[in-house]
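In: Show me the folded form of this:
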Amino acid sequence: MPEPNTAPSTQDQPTLARAIGPFQLFAYTLGGMLGAGIYGLVGRAAGNLGNAVWLGFLVAMVAALLTGLSYASLGSRYPQAGGAANITQRAFARPLLTWVVGLAVMASGLTSVATQSRVVAENLLRLAGLEGVPAIALSLGFLLLVCGIVLRGIRESMWVNILCTAVEAAGLLLVIAVGIPYWGGVDLWETPSPDGIGISFLMTGAILTFFAFIGFEDTINVAEEARDPRRTLPIGIVTAMLAATVLYIAVAITAVSVVPWRELAEAPGPLAEVMARAAPWVPGWGYVAITIFAVANTALLNYVTASRLLYGMARQGLLPKTLARVHAKRRTPHMAILALLPVLVALVLAGNIGELASATVLLLLAVFTVVNVALLVLQRRKGEAKGGFEVPWPVPAAGALVCAVLLVNRLVSTDWRAPALAAGLIVLILLGYALLRPRVTEEATRIETG
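Out: Numbers count the residues shown, from 1 in each chain. As a prediction, the model looks like this:
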């Protein structure tokens, strides 16, 4: 049976290279989730969950896995660049909704790349002890390096990701290894809640730690470049989420076993504090280096994701067709990659965009809700092709409900500035649609084979 290939099939138009194997998909998903978040998140979570912080990660995994399974099923059905935007158009055939979803995901990725570029620069300055070197220059240099890797090819991007993911995972494994002798020394069910562990406690834990799993959604954007995506993409997403859960739980147990949870919550670098107490012989600069690899990987993966999303939307007709061009030799969407660079430079030069990044997380939760509902619609549509990995309808239904609840919770519990910025981004996205009046082409709802 011919493998689905949605890239343009005309002889004068090169296609994206199918160069990603199952292990690379696993590393891509795992690298997207690990990031640098866990290095600080465990402290904040301990302040609310006490020694039972490990339980928060377990509950969050169940909540996140619902949407992860929906993405795995959709990726096996429609292995196309464009990710959530492509799925939204196929399910609802509403170009305006597709436009909003696509640009919301892209905004999340671009703010992440810009933020991580600045973090890399600041940590490089700390590691090298450089004085007088402007951080902004290092940020822009790093941005150019990432752009060059993504332009070079998907194979090269995957190998860099594997290296960075290995370093990230090794850092967490090192924490676990030095902390295992401390296991069993504390009551892992102790919480700051006078009511103990109940539904409210578990909900709080899930809300706090859910965001440690964000990143799995990036994988669907490279499905068109994967070998046998109907089979390998679901395996990559599910196994990576399970592996991340094991790492997170073990790290959480280790952290509260070595450092009392109240002190852990106050520590500026929770895992660095764990290492300082359990293994003082490990040099302090080690975790600075690991942080650089972690945030660099996040930037790389988000750049890849944003470029494939831009490429996919251009091929749908929602953006200029020039952005759908593929380099004949490198087999990368080079015009989309280059088009993102000036936007990223502007974001880096804008300075602290932390509030903007928080706003895009709200948009991402809304996108998760839409994607889960899209799977429900497509499952019920007669004649819709099945994928290599199908899930029963309660999975996307529960996933949509969980994401909607998390979105509402974030809206009411965060500072007003993040929701206001999210609303502002939506207004700008809608304004862009009104000005450009994009039209979806037939190719947006068609899968070619070849």
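
In: Please make it C-alpha for all contacts and neighbour counts, starting now.
Out: Noted.

In: List the buried residues in stretch 170-182.
Out: 171-172, 175-176, 178-180, 182 (16 or more other C-alpha atoms under 10 Å).

In: Packing partners of the helix or strand hosting residue 112?
Out: Assigned by DSSP states H and E, residue 112 belongs to helix 95-128. Helices and strands touching helix 95-128, by 3 or more C-alpha pairs under 8 Å, 6 or more residues apart in numbering; DSSP states H and E, are helix 83-92, helix 135-152, helix 285-316, helix 334-349, helix 354-380, helix 417-436.

In: could I get stretch 158-170 in PDB with only the CA atoms?
Out: Only the C-alpha atoms of stretch 158-170 are listed here, as PDB (Å, rounded to 0.1, in the frame of the first residue of the first chain):
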ATOM      1  CA  MET A 158      17.000  15.400  14.600                       C
ATOM      2  CA  TRP A 159      20.600  14.500  15.500                       C
ATOM      3  CA  VAL A 160      21.100  17.800  17.400                       C
ATOM      4  CA  ASN A 161      17.900  17.100  19.200                       C
ATOM      5  CA  ILE A 162      19.000  13.600  20.200                       C
ATOM      6  CA  LEU A 163      22.200  15.000  21.600                       C
ATOM      7  CA  CYS A 164      20.400  17.700  23.600                       C
ATOM      8  CA  THR A 165      17.700  15.300  24.800                       C
ATOM      9  CA  ALA A 166      20.400  12.900  26.000                       C
ATOM     10  CA  VAL A 167      22.100  15.600  28.000                       C
ATOM     11  CA  GLU A 168      18.700  16.700  29.500                       C
ATOM     12  CA  ALA A 169      17.800  13.200  30.400                       C
ATOM     13  CA  ALA A 170      21.300  12.500  31.800                       C
END
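
In: returning to that earlier point: tell me which of the buried residues of stretch 170-182 fall in helices.
Out: Using DSSP state H, the subset of the buried residues of stretch 170-182 located in helices is 171-172, 175-176, 178-179.

In: lowest-confidence helix or strand of this protein?
Out: The helix or strand of the chain with the poorest confidence is helix 199-209; it has a mean of 78 (mean pLDDT, DSSP states H and E).

In: contacts for that one?
Out: Contacting residues not belonging to helix 199-209 are listed as 41, 45, 48-49, 53, 55-57, 59-60, 63, 193, 406 [C-alpha atoms under 8 Å, 6 or more residues apart in numbering].

In: Same question for stretch 354-369.
Out: 67, 84, 101, 104-105, 107-108, 111-112, 115, 399-401, 403-404, 406-407, 410-411, 417-422.

In: And the buried ones among those residues, selectable in ChimeraX?
Out: To isolate the buried ones among those in ChimeraX, judged by 16+ other C-alpha under 10 Å, type:
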select :67,84,101,104,105,107,108,111,112,115,399,400,401,403,404,406,407,410,411,418,419,421,422
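
In: related to what we said a few turns ago, now, of the contacts of helix 199-209, which are buried?
Out: Buried, going by 16+ other C-alpha under 10 Å: 41, 45, 48-49, 53, 55-57, 59-60, 63, 406, out of the contacts of helix 199-209.

In: Mind picking the one among these that's closest to residue 298?
Out: Closest approach between the buried ones among the contacts of helix 199-209 and residue 298, by C-alpha to C-alpha: residue 41, at 15.9 Å.

In: where's that closest one, which helix or strand?
Out: Secondary structure (DSSP H and E) places residue 41 in helix 38-49.

In: Counting by contacts, list what that helix packs against.
Out: helix 53-77, helix 199-209, helix 229-258, helix 261-266, helix 270-278.

In: Of these, give the one that comes closest to residue 392.
Out: helix 53-77 (9.7 Å).

In: and the closest one, average pLDDT?
Out: Taken as a whole, helix 53-77 carries a mean pLDDT of 93.

In: do the same with stretch 358-368
Out: Mean predicted confidence for stretch 358-368 is 89.

In: Tell me how far stretch 280-295 lies from the chain's centre.
Out: Here the centre of stretch 280-295 is set off from its chain's centre by 22 Å, with C-alpha atoms, centre = their mean, to the nearest Å.

In: So what touches that stretch?
Out: Residues contacting stretch 280-295 (C-alpha under 8 Å, 6+ apart): 34-36, 116-117, 119-120, 123-124, 126-127, 164-165, 167-168, 171, 272, 275-276.

In: Show the pLDDT at the residue nearest the centre of the chain.
Out: Nearest to the geometric centre of the chain sits residue 215, at 2.0 Å (C-alpha atoms, centre = their mean). Residue 215 is assigned a pLDDT of 88 by the prediction.

In: Please report phi then psi for it.
Out: Backbone torsions for residue 215, taken as degrees, to the nearest 10, come to phi 140, psi -30.

In: Show me where the stretch 101-250 of the chain dips below the pLDDT cut-off.
Out: 131 (pLDDT under 70).

In: returning to what we had before: want to try JSON lines for the ones in helices among the buried residues of stretch 170-182, with distance to residue 348 as columns?
Out: Putting those into JSON lines (distance: C-alpha to C-alpha, whole Å) gives the following:
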{"residue": "171", "distance to residue 348": "28"}
{"residue": "172", "distance to residue 348": "29"}
{"residue": "175", "distance to residue 348": "32"}
{"residue": "176", "distance to residue 348": "35"}
{"residue": "178", "distance to residue 348": "37"}
{"residue": "179", "distance to residue 348": "38"}
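
In: Would you mind stating the distance between the residue lying closest to residue 44 once chain neighbours are set aside and residue 225?
Out: Distance criterion C-alpha to C-alpha, 6 or more residues apart in numbering; nearest residue to residue 44, sequence neighbours excluded, is residue 265 at 5.5 Å. With distances taken as C-alpha to C-alpha, to the nearest Å, residue 265 is found 42 Å from residue 225.

In: How far away from the center of its chain is stretch 248-260?
Out: The answer for stretch 248-260 is 24 Å, by C-alpha atoms, centre = their mean.

In: Pull the residues that contact it.
Out: By C-alpha under 8 Å, 6+ apart, the list of residues contacting stretch 248-260 reads 38, 42, 46, 50-51, 53-55, 57-58, 172, 175-176, 179-180, 182-186, 188, 261, 264, 270-271, 273-274, 277-278.

In: give me every residue that touches residue 217.
Out: 68, 71.

In: Secondary structure class of it, three-state.
Out: helix (DSSP: H, G, I helix; E, B strand; the rest coil).

In: roughly how far apart are it and residue 70?
Out: 10 Å.
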